[in-house]
Every structure is written in structure tokens, then in C-alpha cells.
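A.B. asks: please work out how this folds:
(chains A, B and C)
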Amino acid sequence: MPELPEVETIRRGISPWLLNRTVTQVIVRQDRLRWPVPPDLESCLIGRPFTAVMRRAKYLLLKNAAGWLLIHLGMSGTLRILESTAGVTLHDHVDLLLDNRRCLRLNDPRRFGAVLWVDGSPEEHPLLAHLGPEPFSEAFDGALLYARSRGRALAVKNFIMDQRIVVGVGNIYASEALFRAGIHPARPAGRISRARYDALAVAVREVLSAAIEAGGTSLRDFTNEHGRPGYFSQQLLVYGKKGQACVQCGAVIRCEVIGQRSSYFCPHCQR
DNA sequence: CTTTACGCCTGACGGC
DNA sequence: TGCCGTCAGGCGTAAA
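C.D. replies: Numbering: from 1, shown residues only, chains lettered A, B, ... in the order given. As a prediction, this is how the structure comes out:
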């Protein structure tokens, strides 16, 4: 599933195809996603061109004159731009047919994703209201991580994956950022120094921006808007590398479950 | 308030 | 070959 770099890659890819285009038809083949797809979605979309294609955290936000179409890709969702609505395959749940004859298609085998309609300010929507800062915003830095972590005992990996602390960091990039910062993923968040959180904030930004540059990480089913994979998997240093040699010290990379999620780290470089 | 566990779903993979 | 258990990029919710 897409973390922030994958969602941002999708956003950049679909944006030119959607901006100033109007939806002519909505096809919902399966409305049982994480929440039901609104039955009146077509009436919200038809006749009003998209005026912005934005991202907040891992949510895509498509704006028109009436409100916002909110899309989340869950664990296995993909969005593609197609020539037409032909060639329907398994798990092609939602199509938006556009007035340039293109089709924006959501495919999501596990159906943890969501397609919702938001009228009013999306920042006030319950799903978005309590999100932390964007990792590339000025509000996100070591001072924020340090302040928010005081007195908290949970593992730092779970702390930085909490979307109320900072958005966009999922299981892959949490492991990668902690390796780059030299911090053990199971270390209690409240027992990490300000200086180390400064390094972690930098590492989070670096790993996310490098992944965006590469067009996302290709693992299992992530592909961009044309169905092509991203290339950041070639730059992963610890994720999925259990049993392999650490690129920095040669120690054996380990994998342990922390907070119900597989966590990869170098036991020598990360403390 | 914090922290943990679980459930939602399907598909791929490894072991037997 | 088939069956079964495990695991997978997220996140809301319930419970302690």
C-alpha cells in the first residue's frame, strides 16, 4: 500500500489528466470499500470541472465547485489513467469517465481504501481534522518530535507512524528513516534526545523525498498512474533485508515485530 | 489520557 | 497437486 511517496507520485501523475476536466459518468462496480461509496457521488461530480488535485497525508483531494472528492488507497489501492472504460478486471471498483474520454480507475483488492465526498472544508472532516503536520512543512522538525514524545513509552517507530504526530510515514519508510538516523525502532519515544530527533526529522524528509524522486517504492502492487512500478525499492537499506549484511557495518539485518508490524533494523548501527 | 489488540479484505507464498 | 497458516505498504475502534 501506498505511503506518502506513492500517493504523491499518483497525485502528480493524475493531476494533468484531471485539472479542468469534467466527469461525465461515474461507474461504481463495488461500493463496499472501507466505507460505502456515496450513492449520489455522480451528482456531486458531473458538470463541475476539477480545479485542484491535492494531497493531505495519504489522502488525495480532488476539488470542484461543489466540494472535494476524497480518495484513500488503503493497503492495496491503485489509481490509473486509462484510454477508456474498457478492459475491466477483478477489483476495478470505481471509474470516473472524463470529458477527455480518459478514465480514472480505482482498483483495490483488499478494499481498505475509501472514496468519499466532502462538502465544506476538508481540514474539518473527521478523517483529516486531527492529522499532524506534513513532513515537508516548517511545522515538522526535531523540536516537534521531541516535545510530542515527552513522557511517552511507546516505541519510536510506532510514534513516527502515528499520523497525529507527522503524516505520511508508513511501515517501510519508518524503518528506513530510523536506520538513517541510527535509532533503534523499539526505543521508547520519550527517551530519545532532542539532537537525535533533529537527525530523525532530517532522515524522514530525506527518505520521503528520495522515494518521491524515484517514483515510489515498487513492492507487490504499487504502480504509478500508467501502471508502471516505482524504483525506490533499489534504494531501500533495511526494509525487507532480513539476514542480509548492513550496508554500513556488515552486521546482519534483523526483523522483529514491533507494534504488530514487521520492523527491520541493524542491531549494530541503531541504538 | 496512553497503549495494545483486533478487524476489515484478498492474494501470494512457503511448508507439508 | 492441494491445503493451510502466515504475511502484506493502513487505520479506525474497542478495551484495558
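A.B. asks: now the strands: where do they sit in the stretch 151-271 of chain A?
C.D. replies: All strands of the stretch 151-271 of chain A, identified by DSSP state E, counting those that start in this stretch, fall at A:254-258, A:261-265.
A.B. asks: check the stretch 1-150 of chain A too.
C.D. replies: Under the criterion DSSP E, counting those that start in this stretch, the stretch 1-150 of chain A carries strands at the ranges A:23-28, A:52-56, A:59-64, A:67-72, A:78-82, A:92-98, A:103-107, A:114-118.
A.B. asks: pLDDT (mean, whole number) over stretch A:233-244?
C.D. replies: Average pLDDT, stretch A:233-244: 93.
A.B. asks: and if you look at stretch A:97-115?
C.D. replies: 96.
A.B. asks: check stretch A:254-268 too.
C.D. replies: Average pLDDT, stretch A:254-268: 96.
A.B. asks: any residues of chain A in contact with DNA strand B? List them.
C.D. replies: A:32, A:34, A:76, A:90-91, A:109-112, A:152-155, A:158, A:190, A:259-260 (CB under 7 Å from any atom of the strand). From N, CA and C alone the C-beta is placed, and that goes for glycine too.
A.B. asks: please pick the buried ones from those.
C.D. replies: Buried by 16 or more other CB atoms under 10 Å: A:34, A:76, A:91, A:111, A:152, A:155, A:158, out of the residues of chain A next to DNA strand B.
A.B. asks: make TSV out of the residues you listed and add distance to A:Gly142.
C.D. replies: Shown next, in TSV, are these (distance: CB to CB, whole Å):
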residue	distance to A:Gly142
A:Arg34	34
A:Ser76	33
A:His91	41
A:Arg111	38
A:Arg152	16
A:Ala155	18
A:Asn158	18
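A.B. asks: show me which pair in these is furthest apart.
C.D. replies: A:His91 and A:Arg152 (38.5 Å; CB to CB).
A.B. asks: and the helices in chain A, which stretches?
C.D. replies: Remark: helices assigned in chain A by DSSP state H are A:4-18, A:41-45, A:142-149, A:156-161, A:171-181, A:194-213.
A.B. asks: what's the closest of those helices to DNA strand C?
C.D. replies: helix A:171-181 (3.5 Å; CB to the nearest atom of the strand).
A.B. asks: now distance to A:Leu104 and mean pLDDT too, for the helices of chain A, in a markdown table please.
C.D. replies: Below are the helices of chain A laid out as a markdown table (distance: least, CB to CB, whole Å; pLDDT from 0 to 100):
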| stretch | distance to A:Leu104 | mean pLDDT |
| --- | --- | --- |
| helix A:4-18 | 6 | 95 |
| helix A:41-45 | 11 | 97 |
| helix A:142-149 | 35 | 98 |
| helix A:156-161 | 29 | 98 |
| helix A:171-181 | 26 | 97 |
| helix A:194-213 | 21 | 97 |
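A.B. asks: nearest to A:Phe136, of the ones you listed?
C.D. replies: Counting by CB to CB, A:Phe136 lies closest to helix A:194-213 out of these; the figure is 6.5 Å.
A.B. asks: on that earlier part again, same list (the helices of chain A) but as TSV, adding distance to A:Ser121.
C.D. replies: Below are those laid out as TSV (distance: least, CB to CB, whole Å):
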stretch	distance to A:Ser121
helix A:4-18	19
helix A:41-45	16
helix A:142-149	23
helix A:156-161	26
helix A:171-181	28
helix A:194-213	26
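A.B. asks: understood, closing this out.
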